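1. model this:
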Amino acid sequence: MTGNLLRNPDIQWRAEPHREDHVREVLSDPGRTAEDEEITGVGTATRLDSGIMHQLNLLAGEIWKLCDGSMDRYTVVRYLEEIFDVDPAELKADVDSFLDEMIDKGMIYESK
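-> The predicted model follows:
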């Protein structure tokens, strides 16, 4: 079992709701084409670390926002399963990969 996840409070960030709305609108369109797949790379949250701006895509932005200290990995994955229509195993792998990278960089803490 893992502990709760908390963003490093020294890292500034902001949500980009207008971009998030646009990405969700495109992704929910049943008539979208393969060319629309690039929309998944659009930044929906911006993180500033050591003077460098990083854009987080829709999934990474959602994970980042959820790391407020109230959820562990299991709860984050279960919450995101309700939002995203993807294979649960693939979602878990993506969440774990993102969290492991952020924890390694000291951007997210996981309590023991």
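2. So what touches the longest helix seen in the chain?
-> Criterion DSSP state H: the longest helix present in the chain is helix 88-104. For helix 88-104, the external contacting residues (CB atoms under 8 Å, 6 or more residues apart in numbering) are 5, 59-60, 63-64, 67, 73, 76-77, 80-81, 84, 108-110. The C-beta positions use only the backbone N, C-alpha and C, and glycine is treated the same way.
3. quick one: the helices in the protein?
-> 17-28, 58-66, 73-83, 88-104.
4. orientation of the longest one relative to helix 58-66 in degrees?
-> An angle of 60 degrees separates the directions of helix 88-104 and helix 58-66 when computed by axes from the mean of the first three to the mean of the last three CA atoms, to 10 degrees.
5. what about helix 88-104, average pLDDT?
-> For helix 88-104, the mean pLDDT works out to 95.
6. orientation of it relative to helix 73-83 in degrees?
-> Using the same axes, to 10 degrees: helix 88-104 against helix 73-83 is 130 degrees.
7. Please state the offset of helix 88-104 from the chain centre?
-> Centroid separation for helix 88-104 versus its chain: 9 Å, with CA atoms, centre = their mean, to the nearest Å.
8. can you pull the buried residues of that helix?
-> Across helix 88-104, burial judged by 16 or more other CB atoms under 10 Å covers Leu91, Lys92, Asp94, Val95, Phe98, Leu99, Met102.
9. Fine by me, we can end here.
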